[in-house]
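[1] Turn this into a model:
(chains A and B)
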Number of protein chains: 2
Amino acid sequence: MKLIEVKDIRDNIGEEVRIKGWVKNYRKGSSKLRFVIFRDGSGIVQAVAFKPEMGEDKFEKVKQITIESSLEIIGIPTKHPKKEDVYEFQLTDLNIINIADEYPIGKKEHGVDFLLSNRHLWLRSPSQNAALKIRHTVYHAISEYLNENGFYRFDSPILTPNASEGTTTLFEVPYFDIGPAFLSQSGQLYLEAGIMSLGKVYDFGPVFRAEKSKTRKHLTEFWMMDAEAAFVEHEENMDIQEELIRFVIRKVIERNKKELELLKRDVEQLKKADAHFIRMTHREVIKMLKDKGIDIDYHDDFGAAEEEMITEDFDVPVFVEKWPKEIKSFYMKRDKEDPDLVLGADLIAPEGFGEIIGGSQREDDHEILLNRIKREGYDLKDYQWFLDLRKYGSVPHSGFGIGLERLIQWISGIKHIREVIPFPRMINRINP
Amino acid sequence: MKLIEVKDIRDNIGEEVRIKGWVKNYRKGSSKLRFVIFRDGSGIVQAVAFKPEMGEDKFEKVKQITIESSLEIIGIPTKHPKKEDVYEFQLTDLNIINIADEYPIGKKEHGVDFLLSNRHLWLRSPSQNAALKIRHTVYHAISEYLNENGFYRFDSPILTPNASEGTTTLFEVPYFDIGPAFLSQSGQLYLEAGIMSLGKVYDFGPVFRAEKSKTRKHLTEFWMMDAEAAFVEHEENMDIQEELIRFVIRKVIERNKKELELLKRDVEQLKKADAHFIRMTHREVIKMLKDKGIDIDYHDDFGAAEEEMITEDFDVPVFVEKWPKEIKSFYMKRDKEDPDLVLGADLIAPEGFGEIIGGSQREDDHEILLNRIKREGYDLKDYQWFLDLRKYGSVPHSGFGIGLERLIQWISGIKHIREVIPFPRMINRINP
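    Numbering: from 1, shown residues only, chains lettered A, B, ... in the order given. Predicted coordinates for the structure are as follows:
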């Protein structure tokens, strides 16, 4: 007898098949009737057990099952008598693989701490399952876009040597006799070496921030995609980001219809974001915020509240570009037209989801970069190799970094970042 | 004028175009003739500068260039007069972007330490460029195979809590007020939770081993792909691995012809590996080694020398399966036919490249696993969540882990592991 998955039910109508999976839930219809909500990795289906059809012995087995028990169900897929595109499964028999103990999740509302302590079980909930399927799509859509556009994957290291930039948010790791190493916060500097060999490169891996923030947008361990391209300047850098994000949106809408529905994501709103992104300078944004009555200065950065306000009038993400040099990193290239500004751009997602990308054109002049490192008071020997890149065939280049979880939050509409990564790590949480 | 990449030259014969990139090398033909070996991320081409064609002023610019200078070359792609599938570039003009200082690599033979200290520049060497392009293909071929076969990406955490298994090869990270965390060596245990939600899952990320080994096969930070599947048992687990590895071999042969050629990889030998893999039990292998005159016992593990010997008579990888329980992990399922053996299998690559995969069916019985954890003397509270997976809908399941760099070494034929990762980390090396 054919072994199929839940997703293949529609292709096996009327044929006796078997499926392996778990009991999501069950209910009694009558003394002769039981409904089993059955799931596997591919989907959920309602299985119907009707005693006169199954016979007494086999129906007895149905009565033994508990929530989250593992089974092999045997029976005949049918179309739902009334609902379009809904299928059922008429049980003829079942094999019990494991009867689950009383399942701790789902009987009542649980606190977040209980759910996080039981993350290994909570993962099975339909909303968590849906979030992780969307994560799968977002991850691969990003890779697909980059691979198709000539970028090479270039895995930057996680263990990095002493960087003289502030170490307050760095995790420290004793490294043999060498001394402390630090967990990477971004592979950007390494990617800048990679482009000189491969032209366009990206990394996509975990990064770490020992930040004491406890918000719905912060994790201590999260995934970041950094991309870097030779001969790409500021405007084109934004073009690439815009195309990439719109590509990802389309792929999720195409591949995760069910999951978006289950999460009650407003897909029409999401579709509206697949249009030309807004581009405003930092100065224009400050002016807009002032006009909205916010007390803010032309040299200020934005907090979460301001980020929400920046996009509230738009359906698409907003690039905030050309920032005051004091509030951005030393490696960003200055704007020719106004040397007090840098050619950086942050991309703010609509619907209050905040920053999802940070990027910039990089300083490619050896002398200017050298002086800037000195002026910041950094130790030159830490940056010697990075300066070398400006000494041997320097080229104009730009790049950007996407926070994977932030992007998934926006696309899936999930409010808390802890639900878009399998095992979230936060300031007070490293278990299980 | 059209801006193209080196790889597009064949499609632009006879048309004046421009290309941005770097000077790999140059040589003087005569007082009127210069050859510039020019590269970008996509390939290498010889550009020909002929004074009577270019004119005096433009030819002067050619004379200024140095190795690794960055240029925009302007000219006309032509077919090589004699060689098939070889193209040249007749310079009409060039724009100098940056004249490189005297390039430190390439004038003479360099020691390994010098090259590693200059890894940010060494990456540009043709062999290093080729190795990283093959890495790109191997990484994505693995993902492609898994995605097409119903596996979901499931990123397991890097920061993990105190594990009671030996901590001698673990990197320790102080984690806020919680105490020490450890850098992951494998996501397997987490993936076992993932399959109960998603059916089949994999992770693919950096793992860490604070091992004091200084060999050509060891890194302290390397990339690992762990896959895990519900309802898959030992034999099928090996089938999946075999299919996956053969898929990867075909993709590299298909996509990296030039790189394999440059690295002088014997592609015919590689093609031979795309056939049925050998499967031998640990006992059979020990007997074979004894017959070869090796002093080894039926309860011994293999070292590098034995691994080389195991595959020396075969063109394909060899699965060594059914290991004595004492030399394998507590979570491996016992063989029904001989409870002293576990249903684990290691895959050994041919041509002396050693182990590339370790995998097994996992113990799915709660009582057996509980007792085994107790007998090992591990702290039960560290494994409570892992035991839960056997309490709530346990199912037969199996998985395996591929060492990415080991696999790339074999496929590319590169002898030292440090050359198949952008910035290698070893016991004595964390810079740059």
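[2] drop to CA atoms for contacts and neighbour counts, all remaining ones
    Will do.
[3] Could you list every helix and strand that the longest strand anywhere in chain A packs against?
    Using DSSP state E, we find that the single longest strand of chain A is strand A:17-30. Other helices and strands packing on strand A:17-30, by 3 or more CA pairs under 8 Å, 6 or more residues apart in numbering or on different chains; DSSP states H and E, are strand A:2-4, strand A:33-40, strand A:70-79.
[4] Give the burial count for A:Lys24, as a bare number.
    Residues lying near A:Lys24 (other CA atoms under 10 Å in any protein chain shown) number 21.
[5] go on, the one 10 residues further on?
    By other CA under 10 Å, 20 other residues sit near A:Arg34.
[6] now do A:Phe231
    Around A:Phe231 there are 17 other residues, counting by other CA under 10 Å.
[7] What ranges does the stretch 151-300 of chain A have for its strands?
    Secondary structure of the stretch 151-300 of chain A (DSSP state E, counting those that start in this stretch): strands at A:152-153, A:159-160, A:172-175, A:179-183, A:200-208, A:221-230, A:278-281.
[8] quick revisit: the longest strand of chain A versus strand A:70-79: what angle between them?
    Here strand A:17-30 points in a direction 80 degrees away from that of strand A:70-79 (axes from the mean of the first three to the mean of the last three CA atoms, to 10 degrees).
[9] Output the below-cut-off pLDDT ranges for the stretch 151-300 of chain A.
    Scanning the stretch 151-300 of chain A for pLDDT under 70 picks out A:163-167.
[10] how far away is A:Lys381 from A:Asp40?
    To A:Asp40, A:Lys381 is 55 Å away according to CA to CA, to the nearest Å.
[11] ok, now which ones touch the closest residue in space to A:Asp365 that isn't next to it in sequence?
    In this structure, A:Asp365 finds its nearest non-sequential neighbour in A:Arg390, 6.1 Å apart by CA to CA, 6 or more residues apart in numbering or on different chains. Residues counted as contacts of A:Arg390 (CA atoms under 8 Å, 6 or more residues apart in numbering or on different chains) are A:Asp364, A:Asp365, A:His366.
[12] Just the CA trace of stretch A:34-45, in PDB.
    Extracted C-alpha coordinates of stretch A:34-45, given in PDB (Å, rounded to 0.1, in the frame of the first residue of the first chain):
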ATOM      1  CA  ARG A  34     -14.400   9.900  15.900                       C
ATOM      2  CA  PHE A  35     -12.500  12.700  14.200                       C
ATOM      3  CA  VAL A  36      -8.700  12.800  14.300                       C
ATOM      4  CA  ILE A  37      -6.900  16.000  13.300                       C
ATOM      5  CA  PHE A  38      -3.800  14.500  11.900                       C
ATOM      6  CA  ARG A  39      -0.600  16.300  10.900                       C
ATOM      7  CA  ASP A  40       2.800  15.500   9.400                       C
ATOM      8  CA  GLY A  41       5.600  17.800   8.200                       C
ATOM      9  CA  SER A  42       3.700  18.600   5.100                       C
ATOM     10  CA  GLY A  43       0.200  19.500   6.300                       C
ATOM     11  CA  ILE A  44      -2.900  18.800   8.300                       C
ATOM     12  CA  VAL A  45      -5.900  16.600   7.500                       C
END
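[13] That stretch near chain B anywhere?
    Yes. Using CA under 8 Å from any CA of the partner chain, stretch A:34-45 comes into contact with chain B via A:Asp40, A:Gly41, A:Ser42.
[14] Next: stretch A:120-133.
    Yes. Counting by CA under 8 Å from any CA, contacts between stretch A:120-133 and chain B involve A:His120, A:Leu121, A:Leu123, A:Arg124, A:Ser125, A:Asn129, A:Leu132, A:Lys133.
[15] Could you check the pLDDT of the nearest residue to A:Val17 once chain neighbours are set aside?
    Excluding its sequence neighbours, the residue lying closest to A:Val17 (CA to CA, 6+ apart) is A:Lys2, at 5.1 Å. On the pLDDT scale, A:Lys2 is placed at 97.
[16] same check, this time on A:Ile96
    Per the predicted model, pLDDT is 98 at A:Ile96.
[17] hey, what's it bridged with?
    Legend: beta-bridge partners of A:Ile96 under DSSP bridges are A:Leu71.
[18] about what we covered before: now, among the residues of stretch A:120-133 next to chain B, which is nearest to A:Arg372?
    A:Arg372 lies nearest to A:Leu132 out of those, by CA to CA, at 42.4 Å.
[19] Give me the nearest residue to that closest one, chain neighbours excluded.
    Nearest non-adjacent residue to A:Leu132, counting by CA to CA, 6+ apart: A:Val420, 6.3 Å away.
[20] Now tabulate the strands of the stretch 151-300 of chain A in JSON lines and tack on distance to chain B.
    Compiled in JSON lines, the strands of the stretch 151-300 of chain A are given as follows (distance: least, CA to the nearest CA, whole Å):
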{"stretch": "strand A:152-153", "distance to chain B": "5"}
{"stretch": "strand A:159-160", "distance to chain B": "6"}
{"stretch": "strand A:172-175", "distance to chain B": "5"}
{"stretch": "strand A:179-183", "distance to chain B": "8"}
{"stretch": "strand A:200-208", "distance to chain B": "6"}
{"stretch": "strand A:221-230", "distance to chain B": "8"}
{"stretch": "strand A:278-281", "distance to chain B": "26"}
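[21] want to throw the ones you listed into a markdown table with mean neighbour count?
    A markdown table is the format used below for the strands of the stretch 151-300 of chain A (neighbours: other CA atoms under 10 Å in any protein chain shown):
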| stretch | mean neighbour count |
| --- | --- |
| strand A:152-153 | 26 |
| strand A:159-160 | 22 |
| strand A:172-175 | 19 |
| strand A:179-183 | 18 |
| strand A:200-208 | 25 |
| strand A:221-230 | 25 |
| strand A:278-281 | 16 |
